[in-house]
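I'll drop the sequence and a predicted model, then ask my questions.
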Amino acid sequence: MADDGSDTPLDQRVRTRLRQLRTERGLTLQQVAEVANLDVSTLSRLESGKRRLAIDHLPGLAEALGVTLDELLGPAVVHDPRVRLPPRTRWGLTSWPLTHRGPAGGLHAYRFLVDPSRDTPPDPLPVHEGHDWMYVLSGRLRLLLGDDDLVIEPGEAVEFSTVVPHWFGAIDGPVELIAIFGPHGERVHLRR
């Protein structure tokens, strides 16, 4: 049976939970400290055990992390690490999420299958904040990046700033790839 931390002293368990919940949600010390009405240095010292946790810290910390006091004070819940989110198909792209989504955004990985029918770029090419990274597993990917018209072969990776006009599609059959997007890239490539 896994150790759930219930025999750990309460202050140590809460410090561990603070860091765990904050990182799971992709929140910075600054973001949590602002909502909890604490100094960043105080929150950092609370997490590291260099400052004693006071009972009046708890409600603000629970609110900042989006949990109840019971969840903050209780033992860490061991979550199933498998990502079991359903695929989604739009604009000739089928995407399978490979990472869990945290409420604060951050980078997320996807497996894509680019349909052969996705072979005509839009006019104008999309532009958005952020950075995209892609690795072609199979097929030949066409990547328009500014004035460049590139063919990306299996085993090749590309990384680029998305403030440059860009688009990707299939050349002569389906393409399978892994992609990593930030929040802006997800909005443009998956949700718009």
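Okay, I see it. Residues are numbered from 1 along each chain as shown.

going forward, measure contacts between C-alpha atoms and count neighbours the same way
Will do.

domains of this structure?
Per automatic domain parsing, the domain ranges recorded for the chain read 10-73, 88-191.

out of those, the one nearest Pro81 is which?
domain 88-191 (8.8 Å; Cα to Cα).

give me the mean pLDDT for the closest one.
Here domain 88-191 scores 89 as its mean pLDDT.

I'd like the domains of the chain as JSON lines, with mean neighbour count and distance to Asp80 appended.
Shown next, in JSON lines, are the domains of the chain (neighbours: other Cα atoms under 10 Å; distance: least, Cα to Cα, whole Å):
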{"stretch": "domain 10-73", "mean neighbour count": "17", "distance to Asp80": "13"}
{"stretch": "domain 88-191", "mean neighbour count": "17", "distance to Asp80": "11"}
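
possible to save these as TSV with distance to Arg82?
TSV is the format used below for the domains of the chain (distance: least, Cα to Cα, whole Å):
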stretch	distance to Arg82
domain 10-73	15
domain 88-191	9
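
confidence score at the nearest residue to Asp39 once chain neighbours are set aside?
Leaving out its chain neighbours, the residue that sits closest to Asp39 by Cα to Cα, 6 or more residues apart in numbering is Ala33, at 5.9 Å. On pLDDT, Ala33 comes in at 91.

what of Asp4?
pLDDT, Asp4: 47.

ranges for the helices of the protein?
All helices of the chain, identified by DSSP state H, fall at 10-24, 29-36, 40-48, 58-65, 69-73, 183-186.

give me the contacts around the fifth one.
Looking back up the chat, that one is helix 69-73. For helix 69-73, the surrounding residues in contact (Cα atoms under 8 Å, 6 or more residues apart in numbering) are Leu10, Arg13, Val14, Arg17, Leu18, Leu58, Pro59, Ala62.

try it again at 7 Å.
Val14, Arg17, Pro59, Ala62 (Cα atoms under 7 Å, 6 or more residues apart in numbering).

now do the contacts for the residue nearest to Asp39.
The neighbours of Ala33, taking Cα under 7 Å, 6+ apart as the test, are Asp39, Val40, Leu43.
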